[in-house]
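J.: just the structure for this:
(one chain, ligands or ions: 1)
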Amino acid sequence: MADTHTLRRAEITAVGHYVPEKVLTNHDLEKMVDTNDEWIRSRTGISERRIQEHGASSDMAVMAIRNLVDRFGVDLKSIDLIIVATVTPDMFFPATACIIQEKIGAKQAWGFDILAACSGFLYALTTGAKFIESGAHSKVLVVGVDKMSSIVDYKDRNTCILFGDAAGVVLLEPSTDKGYGLIDQRLYCDGAGADFLYMKGGGSLNPSSHETVDKKMHYIFQDGKNVFKLAVKGMADVAAEVMNRNNLTGADIAWLVPHQANLRIIDATAERMGIDRSKVMINIDKYGNTTAATIPLCLSEWVRDGRLTRGHNIVLAAFGAGYTWGAAYVKWSIPGSA
Ligand code: UT7
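T.: Okay, the predicted model is just below:
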């Protein structure tokens, strides 16, 4: 919390993102499964999503990092640590963070992956901030990336309409101005959620076999209704908790930055927090649910367009498989339009 904070603070000093060129529209999906554009838009807010045709999650992450370097002139040789949030790593091991480290030539950096699904970026951001606050490191890249198309069953209309591919990245450094940066975070998990949103095949419980593939266990399963109810409650409750303990009201918040899973979940969360729709970052219509990438993708686009700028109070909030959920309060320090 702001007033009891005695350690040095982390702030986001650079942002970047990447979305693949290929667009998969609702009309395209109408030709693949029994669905329609009207249902998808009214139930989810999604019109189209992006699909990575070639390459892996690390390739999208590298493109997002290049975008950050082009906009902010960061020397990648100075990076200390790379933390990657993803549920679609290039492979089980080595960690995608190591693959990215080699591809970008960040010779001084170590790194690791974090698996917290749609809350992954918040988990990774909080972890990265702790390395800055402790004094251990001064330049931490936090990546949120997912190639959801690699684990989606394009014959399952319950899930294939929801997800897309993208990457976002932020750079954390020690705050130079007291009062700016990552001021507060609160994270939760509840393993009872494991029955409602999962991919069961390929792990130590169900090692890959013809049987796991025949049973489609290498694809996402979601009980949408159960997740929906808890997502609204989880995101709104934790965002309210972070606002309350930092004495913030809806009027103090410039932007709510919600995980983009469903426009109805975003609207319900904003309403419960007393935040007007005009102050909510929404790009789900263009990209769908890109899992760990949604929040950094929003931050990066909003900075680029000058809509998010220095001095803004923002609240990030997410909910995902696990269940995992959380929120963070950030006093934004990057001037807009970068
Ligand atoms: O990011 C990680 C966390 N994930 C989430 O937060 C997602 C949470 N869940 C959701 O966003 C929503 O539950 C969904 C968008 C997945 C589904 O929306 P819903 O309003 O909960 O729909 P439903 O599953 O209750 O289905 C309603 C009807 C059903 O038909 P009947 O039984 O009423 O005749 C479905 O069979 O809509 C049908 N339906 C579809 N119709 C056309 C389900 N999917 C589709 C579809 N196109 N793609």
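J.: burial of the one residue in the stretch 1-150 of the chain that gets nearest to the ligand, as a residue count?
T.: Closest contact between the stretch 1-150 of the chain and the ligand, by C-beta to the nearest ligand atom, is at Thr35 (3.3 Å). The way it works is simple: take the backbone N, C-alpha and C, and place the C-beta from them, glycine included. By the criterion of other C-beta atoms under 10 Å, Thr35 has 17 neighbours.
J.: angles on the backbone of it, please.
T.: Thr35 has phi and psi values of phi -150, psi 180 when expressed as degrees, to the nearest 10.
J.: for it, list the residues it contacts.
T.: Applying C-beta atoms under 8 Å, 6 or more residues apart in numbering to Thr35 gives the contacts Asn26, Leu29, Arg157, Ile161.
J.: tell me the pLDDT at the closest residue to it other than its chain neighbours?
T.: With sequence-adjacent residues excluded and distances taken as C-beta to C-beta, 6 or more residues apart in numbering, Thr35 is closest to Arg157, at 4.8 Å. With respect to pLDDT, Arg157 scores 97.
J.: just give me the neighbour total for the residue of the stretch 201-338 of the chain found nearest the ligand.
T.: The nearest approach of the stretch 201-338 of the chain to the ligand comes at Gly224, 2.8 Å away (C-beta to the nearest ligand atom). Here the number of neighbours of Gly224 (other C-beta under 10 Å) works out to 17.
J.: spell out which residues of the protein are next to the ligand.
T.: Residues of the chain lying close to the ligand by C-beta under 6 Å from any ligand atom are 35, 39, 43-44, 118, 157-158, 161, 224-225, 227-228, 231, 261-262, 265, 289, 319-320.
J.: go again with 8 Å.
T.: 29, 33-36, 39-40, 43-44, 117-118, 157-162, 197, 222, 224-225, 227-228, 231, 259, 261-262, 264-265, 289, 291, 319-321 (C-beta under 8 Å from any ligand atom).
J.: out of those residues, which are inside helices?
T.: Per DSSP state H, helices hold the following members of the residues of the chain next to the ligand: 29, 39-40, 43-44, 157-160, 224-225, 227-228, 231, 264-265.
J.: by neighbours, which of those residues wins?
T.: Ala231 leads those on contacts (other C-beta under 10 Å) with 27 neighbours.
J.: for the stretch 201-338 of the chain, what are the low-confidence residue spans?
T.: 337-338 (pLDDT under 70).
J.: ok, Gln260 - contacts?
T.: Applying C-beta under 8 Å, 6+ apart, the residues near Gln260 are Ile266, Ile282, Asn283, Ile284, Tyr287, Gly288, Asn289, Thr290, Thr294, Cys298.
J.: what would the residues you listed look like in a markdown table with neighbour count?
T.: A markdown table is the format used below for these (neighbours: other C-beta atoms under 10 Å):
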| residue | neighbour count |
| --- | --- |
| Ile266 | 24 |
| Ile282 | 17 |
| Asn283 | 16 |
| Ile284 | 26 |
| Tyr287 | 25 |
| Gly288 | 30 |
| Asn289 | 24 |
| Thr290 | 32 |
| Thr294 | 30 |
| Cys298 | 27 |
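J.: so which of the residues you listed is the closest to Trp255?
T.: Cys298 (8.6 Å; C-beta to C-beta).
J.: what sits against that closest one?
T.: With C-beta under 8 Å, 6+ apart, Cys298 has these contacts: Gly168, Val257, Gln260, Met281, Asn283.
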